[in-house]
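*Asks:* The sequence isn't on hand, but the structure is:
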Ligand SMILES: Nc1ncnc2c1ncn2[C@@H]1O[C@H](COP(=O)(O)OP(=O)(O)OP(=O)(O)O)[C@@H](O)[C@H]1O
Ligand SMILES: Nc1nc2c(c(=O)[nH]1)N=C(CO)CN2
């Protein structure tokens with residue numbers, strides 16, 4: 001199945017946490033990273049009183065189920081020292097599922113597609129880069145929409 005993930009960090013060595021989370025995903029036997037956006041420095045969305053983030057979007061191929069993929073993302077967050085202190089607060093790494101095979105899913109653990117993705121420029125900018133034909137939950141193409149928040153693409157490695 002094809003899935004899209006949003007990853008973000010705003011504590012410590014942000015580049016290290018982004019890279020490490022990709023490496024942990026890529027070493028899982030049921031996950032293959034197909035595309036990786038550049039890195040974007042972004043103003044915090046939601047709770048604005050915290051450091052700037054670095055964000056990326058990944059396109060992956062996986063045979064994990066949506067909930068198993070969520071479990072894996074949460075295990076990686078844990079292994080990289082993420083603590084859930086405040087909603088939308090600072091974190092070493094946050095991994096969100098944006099889309100899983102265009103499935104619509106809603107239970108107490110997982111909502112797909114991600115309900116706030118279309119408002120967030122930190123998701124839309126990297127998504128536009130790697131998937132310009134992506135159709136958002138509203139039915140509009142990602143290139144036709146702009147979200148809230150300032151973002152800057154960093155020089156690619
Ligand atoms: N599409 C999704 N991707 C990741 N987590 C999700 C999703 N839908 C629901 N959740 C649930 O949201 C809970 C809170 O996640 P998290 O702490 O990462 O929120 P957040 O990143 O601070 O905020 P936001 O959900 O607005 O990005 C998770 O425990 C998870 O069960
Ligand atoms: N710029 C930016 N802001 C955020 C981010 C994020 O990854 N980047 N993640 C949040 C919780 O999902 C809340 N706010």
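*Replies:* That came through fine. If you're wondering where the values come from, they're calculated on a predicted model, not measured in any experiment. Ligands and ions are numbered 1, 2, ... in the order given.
*Asks:* CA only for contacts and neighbour counts going forward, please
*Replies:* Will do.
*Asks:* Grab the nearest non-local neighbour of residue 81.
*Replies:* Excluding its sequence neighbours, the residue lying closest to residue 81 (Cα to Cα, 6 or more residues apart in numbering) is residue 92, at 6.6 Å.
*Asks:* secondary structure class for the one you found?
*Replies:* coil (DSSP: H, G, I helix; E, B strand; the rest coil).
*Asks:* list the contacts for it?
*Replies:* 8, 9, 10, 11, 12, 14, 17, 77, 80, 81, 82 (Cα atoms under 8 Å, 6 or more residues apart in numbering).
*Asks:* correct me, but residue 60 touches residue 3?
*Replies:* Yes. The criterion here is Cα atoms under 8 Å, and residue 60 meets it with residue 3 at 5.3 Å.
*Asks:* before we move on, back to that, of the contacts of residue 92, closest to residue 49?
*Replies:* Nearest to residue 49 among the contacts of residue 92, counting by Cα to Cα, is residue 10 at 11.8 Å.
*Asks:* Pull up the gap between that closest one and residue 17, please.
*Replies:* 9 Å (Cα to Cα, to the nearest Å).
*Asks:* Equivalent analysis for residue 69, please.
*Replies:* Counting by Cα to Cα - residue 69 and residue 17 are separated by 19 Å.
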